[in-house]
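Enquirer: Sequence first, predicted coordinates after that:
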Amino acid sequence: MSQTGKPLKVALLGCGVVGTEVVRILTTRADDLAARVGAPLEIAGIAVRRGGRERDIAVDPSLITTDAQALVSRGDLDLVIEVIGGLEPARGLILTALEHGASVVTANKALLAEDGPTLFAAAEKYERDLYFEAAVAGAIPILRPLRESLAGDDVTRVMGIVNGTTNYILDKMDSTGAGFDEALAEAQALGYAEADPTADIEGFDAAAKAALLASLAFHTRVSIADVHREGITEVSATDIASAREMGCVVKSLAICELDEATDSVSARVYPAMIPLNHPLASVRDAYNAVFVESKAAGQLMFYGRGAGGAPTASAVLGDLVSAARNRLKGVPGVGESSYTQRAVRPMGDAMTRYHVSLDVADKAGVLAAVAHAFSEHDVSIQTVRQEGRGGDAQLVVVTHTATDAALSATVETLRDMDIVREVSSVMRVEGD
Ligand SMILES: NC(=O)C1=CN([C@@H]2O[C@H](COP(=O)(O)OP(=O)(O)OC[C@H]3O[C@@H](n4cnc5c(N)ncnc54)[C@H](O)[C@@H]3O)[C@@H](O)[C@H]2O)C=CC1
Ligand SMILES: N[C@@H](CC=O)C(=O)O
Ligand code: NA
């Protein structure tokens, strides 16, 4: 295999689930990577939090340091991989690396969704790459297609399952009847969950990914603070059973939409019921899938492993090879295109449907009163199912599409009604 050029020096920041796999590929596939890049990729240093630990990596121990700041300040690095995660010290380390002339590859969606503009501006200033394919949907190539392949088209909607941990939990609860805590512990053991799994189960991780997807898809800036977020901790076995009864499954979805009439975007994350015949319904385990709708291409679907050390390392290595080729050419690759700043619409404006289960008194006029609560908020009912339960009854109402504000006002009204003993489940319905 031909390997021209002097080695490119690569530093790795963080050697956990993803970092360990990155090192494994860099060391075991070195010759092929060198041939693809046109120069060997030489590991120049690995920053870890705690030194002196046994590690499952085959590298010269002298390359390991606990001083990440000194490593990125060396000035002779070509490429830096940041897989520490979190805001600091990752942000400072990336900025220092760019300032000292290295291109950066990161998997850090939390940081990019919080403070991407500062980092992209630094990459542009120092004429270096800042790539982050691993940050959204792990191994699935989704950011490069949005940034490059679809750059000539107009993307109007992105909807996906972008968090492996929550998909794993919901799938296990649905298919095996596993409890929430048990399924979460399995996801953690398999290396899918974030260091603090609150980021997964409360939807912060998916919200960060939604912000990155919306920014790239709609050529604007959307930060995590702009994304409406609901986690899966409130999803009960009853919700999952209700979904089954109406031919649906519960999935945590990230939805990004462009509203051309108002030139605004919506970005939101929440658990929702989707019909079993919808392609996203068959996304099992920790897999992810992202639907993209664009004007010329129509519907596109991207599917694959969204979490785990090796799949995430695949995306990191893909970016690393691209950035390395650019370093050899001496020019940065395609950067972020955010030529417009679109307003972000509040959640209340989003158009959606609700599935509402109510425990009500089983007496004359109840159905009419409940129907009136919906109609007074301009919410049209699609189906109602009633089941008698002694002196009480359960009503299951599925609405037509309405604004989220109208739907949540309807639920508030229902909660205040004497004949409604309890609103036992409220969940959005998507995907048809
Ligand atoms: N695990 C996964 O499936 C995926 C992870 N990611 C992202 O990849 C990044 C890394 O994730 P994991 O490898 O799962 O996390 P991890 O927690 O397994 O690894 C992070 C490593 O960084 C080390 N570290 C912390 N502070 C440090 C410092 N100051 N200097 C050097 N090392 C330090 C920790 O000791 C730990 O070993 C995160 O941004 C995460 O969001 C992205 C996609 C999938
Ligand atoms: N914790 C995340 C990892 C990948 O981004 C997930 O579960 O999807
Ligand atoms: Na990806």
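Expert: Perfect, thanks for sending it. Numbers count the residues shown, from 1 in each chain. Ligands and ions are numbered 1, 2, ... in the order given.
Enquirer: Please make it C-alpha for all contacts and neighbour counts, starting now.
Expert: Will do.
Enquirer: Tell me who's in contact with the closest residue to residue 124 other than its chain neighbours.
Expert: Excluding its sequence neighbours, the residue lying closest to residue 124 (C-alpha to C-alpha, 6 or more residues apart in numbering) is residue 335, at 7.8 Å. With contact set as C-alpha atoms under 8 Å, 6 or more residues apart in numbering, residue 335 has these partners: 120, 124, 129-130.
Enquirer: Pick the one among the residues you listed closest to ligand 3.
Expert: residue 130 (14.3 Å; C-alpha to the ion).
Enquirer: Next up, identify which helix or strand the residue lying closest to the closest one once chain neighbours are set aside is on.
Expert: Counting by C-alpha to C-alpha, 6+ apart, the nearest residue to residue 130 once its immediate chain neighbours are dropped is residue 104, at 4.8 Å. Using DSSP states H and E, the element containing residue 104 is strand 103-106.
Enquirer: before we move on, what about residue 422?
Expert: Judged by DSSP H and E, residue 422 forms part of strand 420-429.
Enquirer: Direction included, what does that strand pair against?
Expert: strand 264-275 (parallel), strand 351-361 (antiparallel) (DSSP bridges).
Enquirer: following the first one, which helix or strand shows up next?
Expert: Next helix or strand after strand 264-275 toward the C-terminus (DSSP H and E): strand 287-294.
Enquirer: Report the angle between the helix or strand following that following strand and strand 287-294.
Expert: In the C-terminal direction, the helix or strand that comes right after strand 287-294 (DSSP H and E) is strand 298-305. Here the directions of strand 298-305 and strand 287-294 differ by 160 degrees (axes from the mean of the first three to the mean of the last three C-alpha atoms, to 10 degrees).
Enquirer: Next, the contact list for residue 396, please.
Expert: Counted by C-alpha under 8 Å, 6+ apart, residue 396 has contacts 355-358, 384-386.
Enquirer: If any of these are buried, put those into a ChimeraX selection.
Expert: Of the contacts of residue 396, the buried ones can be selected in ChimeraX as follows, counting by 16 or more other C-alpha atoms under 10 Å:
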select :355,356,357,358,386
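Enquirer: farthest-separated two in the contacts of residue 396?
Expert: 355 and 386 (13.5 Å; C-alpha to C-alpha).
Enquirer: which stretches of the stretch 301-432 of the chain form helices?
Expert: Taking DSSP state H, counting those that start in this stretch, the helices of the stretch 301-432 of the chain run over residues 309-329, 366-375, 404-416.
Enquirer: tell me the most buried of the strands paired with strand 420-429?
Expert: The highest average neighbour count among the strands paired with strand 420-429, using mean count of other C-alpha atoms under 10 Å, belongs to strand 264-275 at a mean of 24.
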